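Peer 1: coords please:
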Amino acid sequence: MTYKAYIDNIRTKTGKGPEWFQAEASRQGLSKYGELLRWLKSDCQLGHGHANAIILYIQHPDVARKKIAADAREDGPPRRTHA
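Peer 2: Numbering: from 1, shown residues only. Here you go, the predicted model:
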């Protein structure tokens, strides 16, 4: 599963994008991995893998955005097949 797929699944499940989680973590003063993981799993009901995807976005947003963009390029438009 790509990083973008994790983020898309989180958005579908929660109705919230990674920017919301980033802003909410900041509002609550959460920045350390352990405290973010506990919050995302308990309060936000995310599984471990999805929580890690959000933690990457919170702690390293530039890296996360680049991964999302790279995954989107790889997915690209559907390829045409010739008969």
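
Peer 1: Now the longest helix anywhere in the chain: buried residues?
Peer 2: The longest helix of the chain (DSSP state H) is helix 61-75. Buried residues in helix 61-75, counted by 16 or more other C-beta atoms under 10 Å: 64, 67-68, 71. (C-beta placed from N, C-alpha, C; glycine too.)

Peer 1: Likewise for stretch 24-41?
Peer 2: 24-25, 30, 36-37, 39-40.

Peer 1: residues in contact with the longest helix of the chain?
Peer 2: Defining contact as C-beta atoms under 8 Å, 6 or more residues apart in numbering, one finds that helix 61-75 is touched by 2-5, 7, 18, 22, 56-57.

Peer 1: Identify those among the residues you listed that sit within helices.
Peer 2: Mapping these onto helices (DSSP H) picks out 3-5, 7, 18, 22, 56-57.

Peer 1: Quick check on those: which are buried?
Peer 2: 3-4, 7, 18, 22, 56-57.

Peer 1: quick revisit: what's the closest of the buried residues of helix 61-75 to residue 11?
Peer 2: residue 68 (11.3 Å; C-beta to C-beta).

Peer 1: Any regions of the protein where pLDDT drops low?
Peer 2: Along the chain, segments meeting pLDDT under 70 span 76-83.

Peer 1: can we see that at 90?
Peer 2: Scanning the chain for pLDDT under 90 picks out 1, 73-83.

Peer 1: Alright, that wraps it up for me.
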